[in-house]
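Enquirer: Mind folding the following:
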Amino acid sequence: MGIGDYLKKHTETLVKDVGIEAACELSGKSKATLGRYYSDAEEHSDRFMPIDTVAAIEAAARYPHVTSALAEISGHTITAGPEGRNSPSGGVNSDVIALSQRFAMLMAEYQQSIQDGIITVNEAKRLLRETLALQQVLIDMKLHLEDETGTPGQF
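Expert: Got it, this is the predicted structure:
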């Protein structure tokens, strides 16, 4: 999968996170225009969501899907600061529990998906959702560990 395809998948996930109607309202764009931004059709291969549109929609999203994808492409990660709306509650102990639960959910989803020897597109999407949820738990855990040590982690 190329960078363009990767960004288009995350753009689609962002729009679906907030809902197509809400994304239209937040961005001032039509359903057709938003659809073109994540379409894998050849005629739309060079169309990407403008950054101001990404920012408007991500403000309402549960997770900054496109921003996270851009960070990953360049070898970086993103984290919410102490005041961030995604700031984790609890501490490291609750993070460890959440981590084991999320990992178990990912493995259960994988087991179900691979039973027939083929992972379908819908199964892959469910696996991706579980992977993203697991990633978020790890980010929360990193933030708690940084808070406890008083120093930001280095990668």
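Enquirer: going forward, measure contacts between C-alpha atoms and count neighbours the same way
Expert: Noted.
Enquirer: what about the nearest residue to Leu145 once chain neighbours are set aside, how many residues close to it?
Expert: In this structure, Leu145 finds its nearest non-sequential neighbour in Val92, 6.8 Å apart by C-alpha to C-alpha, 6 or more residues apart in numbering. Val92 has 17 neighbouring residues, counting by other C-alpha atoms under 10 Å.
Enquirer: now do Ser113
Expert: 18.
Enquirer: Over to Asp17?
Expert: Asp17 has 19 neighbouring residues, counting by other C-alpha under 10 Å.
Enquirer: sorry, back to before: pretty sure the residue nearest to Leu145 contacts Leu138?
Expert: No: using C-alpha atoms under 8 Å, Val92 is not in contact with Leu138, being 10.3 Å away.
Enquirer: Can you show me the strands along the chain?
Expert: For the chain, no strands are identified by DSSP state E.
Enquirer: List the contacts of the residue nearest the centre of the chain.
Expert: For the chain, His65 is the residue whose C-alpha lies nearest the centre (C-alpha atoms, centre = their mean; 3.9 Å). Contact analysis of His65 by C-alpha atoms under 8 Å, 6 or more residues apart in numbering lists His10, Thr11, Thr13, Leu14, Glu58.
Enquirer: next one: Ala69
Expert: Tyr6, Leu7, His10.
Enquirer: 10 Å - rerun?
Expert: Going by C-alpha atoms under 10 Å, 6 or more residues apart in numbering, Ala69 touches Ile3, Tyr6, Leu7, Lys8, Lys9, His10, Thr11, Gly75, His76, Thr77, Ile78.
Enquirer: now swap in Ala23 and tell me
Expert: So Ala23 contacts 14-17, 29-31, 34, 53-54, 56-58, 60-61 (C-alpha under 10 Å, 6+ apart).
Enquirer: Show me which of these are buried.
Expert: Buried by 16 or more other C-alpha atoms under 10 Å: Leu14, Val15, Asp17, Leu34, Thr53, Val54, Ile57, Glu58, Ala61, out of the contacts of Ala23.
Enquirer: hang on, isn't Val18 packed against Val54?
Expert: No: applying C-alpha atoms under 10 Å as the test, Val18 and Val54 come out as separate, 11.7 Å apart.
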